[in-house]
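Undergrad: Got a sequence here, can you build the structure:
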Amino acid sequence: MATKKTRFCPSPTGLMHLGNLRTALLNFLLSKQSKGSFILRIEDTDKERSKKEFAELICDDLTWMDLNWEEGPRTGGPQDPYFQSERNQLYEKFYAELIDKDLIYPCFATEEELKVIRRNQLAAGKPPRYPGIWSDASKEDVQKEFEKGSKPVYRFRIPKKKTIAFNDLIKGEQSFNSDDLDDFIVKKEDGSPTFMYANAIDDALMNINLVVRGDDHLSNTPRQIALLEALQLDIPEYAHIALFTGDDGSPLSKRNGSLSIQELKEKGYFPLAVANYLARVGHTIGDNEVRDLTALAKVFDTNKVSSSPSRFDIQQLNFWQKQVVEAQSDEELNNWLNPFLEGLLPKDIDSGLFVKTIRENIAFPEEAISLANNIMSADFKLSKEAKNIIKASGNEFFSLAKEAFLKNWPSWTESMKDLSSTSGKKGKELYQPIRISLTGQESGPKLDQLSTLLGKERVIERLEKASKI
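TA: Just a heads-up that it's a prediction; the model follows:
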């Protein structure tokens, strides 16, 4: 397999969410699969919306996910700088070349004029696109506009009557008629580059040979290929992934259910859980094995990527969180949960034993916090249903339970055998009231481990308290 150099090039206009992260992950996996390199480039050409703090958070989020880049912000590299706002000199060089070849031209059409044109095109049943009204303007007309102080955009001349074709690694052969494409803007009125221009130029200059991006960019690809061909720059391979959508079927965003990476961190998701989920979104792996990034890279196959949109499924993400939690050692889980449990456990309770007791019942820190509050507090409140179960069991049942535990401690098995014999109760009638008396909950950790965690004194106290309800 040829070495692949891929890139992730977000715009720092907000917090990164799962849709962005999926694109980053797939680029990372495909680069590692071929022992290639992964580049981070910040596309901050939108001066009004781009914020330095968002760029920093993007770097933090990728680092948290272990998606480490070989070139980019914080690391540098041979194509420094990796912020597009700092690369204008490079872009100007190619603008000059395009002007010399008469491949771009100034366009003074106002937004109002273009709106009227688009409206008329739609009314005539035609697709709305720029009709080239300034493509053949005379030098005199252009000069007059400059003398008036008008500021143009610059548009690239799409070649006429040409087929632009490429093989998409996911969607297969793609073909476009250049006559269906309009002359697109490469330079804005303020002199800054457009996404279409800077994105393609930087891919070539940074030697990117595989571009993995959402299929909402598919229509951009023939335009960028035409631009790169005009400048005799290398054209990368392309792989356009189907959209990752929210509950409403539109592209995944904060508005329709996505979580930002910051929120994932705060909720306690493991990066590995997020990676195992995202690597399977619209992609078939065929098993539920938790894999690290190296292993995910080995099994990732563009031939198994669906061309249909995939909907965000929080239940699947939570499934992988549970899988990763279960794969952790007791020590690893304890280290993970300790910061969240600080101050919640009595001094005589070993945090390692607590985590070992509850590990099968949690996937997130908030669940561990809830269990700590319920299990460790002698003043837990009972629901109406739980209180009814306690009352139905009767005072004598809890008195017998107290005697059984005093007699057989620390053996949980012998204590419950004894209680079953003296009370005549079995199954749910035996175990559920004991659980409620110890924790206030109708479900939770294994009772034998729970009694060991609580210790003899707390168990007896809580049974005695239940006998008085």
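Undergrad: Just give me the neighbour total for Tyr82.
TA: Tyr82: 25 surrounding residues under other CB atoms under 10 Å. Glycine gets a C-beta too; all of them are placed from N, C-alpha and C.
Undergrad: scratch that, Ala2 is what I was asking about
TA: For Ala2, the tally of surrounding residues (other CB under 10 Å) stands at 8.
Undergrad: Look up phi and psi at the nearest residue to it once chain neighbours are set aside.
TA: Nearest residue to Ala2, sequence neighbours excluded (CB to CB, 6 or more residues apart in numbering): Ser34, at 6.5 Å. Dihedral angles of Ser34 (phi, psi; degrees, to the nearest 10) stand at phi -100, psi 10.
Undergrad: same deal with Leu181?
TA: When read as degrees, to the nearest 10, the backbone of Leu181 gives phi -110, psi 140.
Undergrad: hang on, the earlier thing: isn't the residue nearest to Ala2 right next to Phe28, touching?
TA: No - applying CB atoms under 8 Å as the test, Ser34 and Phe28 come out as separate, 11.7 Å apart.
Undergrad: So for those two, which residue has more residues nearby?
TA: Comparing Ser34 with Phe28 by other CB under 10 Å, the one with more neighbours is Phe28, at 26 against 16.
Undergrad: From the chain's centroid, how far away is the helix or strand that the more buried one is a member of?
TA: Assigned by DSSP states H and E, Phe28 belongs to helix 18-33. Relative to the centre of its chain, helix 18-33 is centred 10 Å away, using CA atoms, centre = their mean, to the nearest Å.
Undergrad: Can you report the mean pLDDT over the residues of it?
TA: Mean per-residue pLDDT for helix 18-33: 97.
Undergrad: related to what we said a few turns ago, ok, the residue nearest to Ala2 to Asp350 distance?
TA: Per CB to CB, to the nearest Å, Ser34 is found 48 Å from Asp350.
Undergrad: Could you do Lys144 as well?
TA: 84 Å.
Undergrad: Repeat that for Ser443.
TA: Distance from Ser443 to Asp350, counting by CB to CB: 24 Å.
Undergrad: More neighbours: which of the two?
TA: Taking neighbours as other CB under 10 Å, Ser443 and Asp350 compare with Asp350 leading, 12 against 9.
Undergrad: Look up how far Asn338 lies from that one.
TA: In terms of CB to CB, Asp350 sits 12 Å off from Asn338.
Undergrad: go on, Leu453?
TA: With CB to CB as the criterion, Leu453 and Asn338 are 16 Å apart.
Undergrad: Domain-wise, how is the protein divided?
TA: Domain assignment for the chain by automatic domain parsing gives 87-241, 384-466.
Undergrad: Averaged pLDDT, the longest one. What do you get?
TA: Right, the one you point to is domain 87-241. Per-residue scores along domain 87-241 average to 96.
Undergrad: What is the longest helix that the chain contains packed up against?
TA: Assignment by DSSP state H gives helix 447-466 as the longest helix of the chain. With contacts taken as 3 or more CB pairs under 8 Å, 6 or more residues apart in numbering; DSSP states H and E, helix 447-466 sits against helix 351-358, helix 365-376, helix 395-408, helix 412-423, helix 427-439.
Undergrad: List the buried residues of that helix.
TA: Gln449, Leu450, Ser451, Thr452, Leu453, Leu454, Arg458, Val459, Ile460, Arg462, Leu463, Ala466 (16 or more other CB atoms under 10 Å).
Undergrad: pretty sure Gly249 is touching Phe312, no?
TA: No - with contact defined as CB under 8 Å, Gly249 does not reach Phe312; the gap is 10.8 Å.
Undergrad: more neighbours, those two?
TA: Comparing Gly249 with Phe312 by neighbour count (other CB under 10 Å), the higher total belongs to Phe312, at 21 against 10.
Undergrad: so the more buried one touches Phe244, yeah?
TA: Yes - here Phe312 reaches Phe244: they are 6.5 Å apart, a contact under CB under 8 Å.
Undergrad: and for the two, which residues touch both?
TA: Leu18, Leu252 (CB atoms under 8 Å, 6 or more residues apart in numbering).
Undergrad: Pro127 and Asp182, how far apart?
TA: Distance from Pro127 to Asp182, by CB to CB: 9 Å.
Undergrad: more crowded one of the two?
TA: Taking neighbours as other CB under 10 Å, Pro127 and Asp182 compare with Asp182 leading, 17 against 9.
Undergrad: I'd guessed that one sits against Ile133; true?
TA: No - here Asp182 lies out of contact with Ile133, judged by CB under 8 Å, at a distance of 10.9 Å.
Undergrad: which ones are touching the residue lying farthest from the centre of the chain?
TA: Among residues of the chain, the one most distant from the C-alpha centroid is Thr422; the distance is 56.0 Å, by CA atoms, centre = their mean. Applying CB under 8 Å, 6+ apart to Thr422 gives the contacts Leu400, Glu403, Ala404.
Undergrad: Distance-wise, check it relative to Lys465.
TA: 20 Å.
Undergrad: ditto for Val153
TA: As judged by CB to CB, Val153 and Lys465 stand 77 Å apart.
Undergrad: Do a quick rundown of the helices in the stretch 201-350 of the chain.
TA: In the stretch 201-350 of the chain, the helices defined using DSSP state H, counting those that start in this stretch lie at 220-230, 261-267, 271-278, 293-299, 314-327, 330-341.
Undergrad: buried residues in the helix holding Phe28?
TA: Buried, per 16+ other CB under 10 Å, within helix 18-33: 18-33.
Undergrad: Name the next helix or strand downstream of it, please.
TA: Sequence order places strand 37-40 as the next helix or strand after helix 18-33, per DSSP H and E.
Undergrad: helices and strands around the host helix or strand of Val186, which ones?
TA: Assessed by DSSP H and E, Val186 sits inside strand 185-187. Using 3+ CB pairs under 8 Å, 6+ apart, the elements in contact with strand 185-187 are helix 88-100, strand 104-107, strand 153-156, helix 195-205.
Undergrad: Nearest to Arg119 among the ones you listed would be which one?
TA: Closest to Arg119 of the helices and strands packed on strand 185-187 is strand 104-107 (CB to CB; 18.6 Å).
Undergrad: Past the closest one, which element shows up next along the chain?
TA: As assigned by DSSP H and E, the chain's next helix or strand after strand 104-107 is helix 111-123.
Undergrad: Give me the packing partners of that following helix, helices and strands only.
TA: With contacts taken as 3+ CB pairs under 8 Å, 6+ apart, helix 111-123 sits against no other helix or strand.
Undergrad: Please list the residues outside that helix that contact it.
TA: With contact meaning CB under 8 Å, 6+ apart, helix 111-123 is reached by Pro127, Pro128, Arg129, Tyr130, Pro131, Ile133.
Undergrad: So what's the residue count around Phe8?
TA: 26.
Undergrad: Residues in a beta bridge with it, which ones?
TA: Beta bridges link Phe8 to Leu40 when assigned by DSSP bridges.
Undergrad: give the contact list for it.
TA: Residues in contact with Phe8 (CB under 8 Å, 6+ apart) are Thr23, Ala24, Asn27, Phe28, Phe38, Ile39, Leu40, Arg41, Leu62, Leu67, Trp69.
Undergrad: now with 6 Å?
TA: Ala24, Asn27, Leu40 (CB atoms under 6 Å, 6 or more residues apart in numbering).
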